[in-house]
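Student: Below are the sequence and a predicted model for it; my questions follow.
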Amino acid sequence: ALRLSYLRSGGHDPAILDQLLHLQLEATVLEKGAAGLRRGRRMAPAVPAEPSGTGTHGLDVALLAVELENRRLEDELLALKVRRERRADAGSRAAQRHTEELAQLQAEVGMLRCHAEQTRPWLHPAVFPRSIAPTLPP
């Protein structure tokens, strides 16, 4: 739960993820060891105990280590997906912002054109100089 909380809040430091994984492995081994001790006190084993690190206990620890590594990798994938989605969201927000700015600038250009056309000094036809060339006969 602590590791998931760390990842969901944006944490992605590999050293911290390794520490959390190590703590989870230790806790699981301690829990299994405590459960085994409680079981062992109630019922005496009919066969001699296997040496530490061999047999089913060794396999359980190895399996647990593989499961924890899989979880760590899944968490890493989740963190990567979250970062990719955040980047995609940021990119789409930036594109949307640029589109809005472009629309605003185009509207301003249109208003400036209208204003320029309204304030442009129009010359009346009488003000135009007469043509120097003679008019052509029909």
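Tutor: Arrived safely, thanks for sending.
Student: Where does the spatially most central residue of the chain sit: helix, strand or coil?
Tutor: Nearest to the geometric centre of the chain sits residue 83, at 2.0 Å (CA atoms, centre = their mean). For residue 83, the assignment made with DSSP: H, G, I helix; E, B strand; the rest coil gives helix.
Student: host element of the residue nearest to it when sequence neighbours are not counted?
Tutor: Spatial nearest neighbour of residue 83, excluding adjacent residues (CB to CB, 6 or more residues apart in numbering): residue 12 at 7.3 Å. Glycine gets a C-beta too; all of them are placed from N, C-alpha and C. Using DSSP states H and E, residue 12 sits within no helix or strand.
Student: Count the neighbours of residue 12 for me.
Tutor: 14 (other CB atoms under 10 Å).
Student: Counting neighbours, what do you get for residue 20?
Tutor: Using other CB under 10 Å, residue 20 is surrounded by 21 other residues.
Student: Check what pLDDT the residue lying closest to it once chain neighbours are set aside gets.
Tutor: Counting by CB to CB, 6+ apart, residue 20 lies nearest to residue 3, which is 4.4 Å off, once chain neighbours are set aside. In this model, residue 3 is scored at 77, pLDDT.
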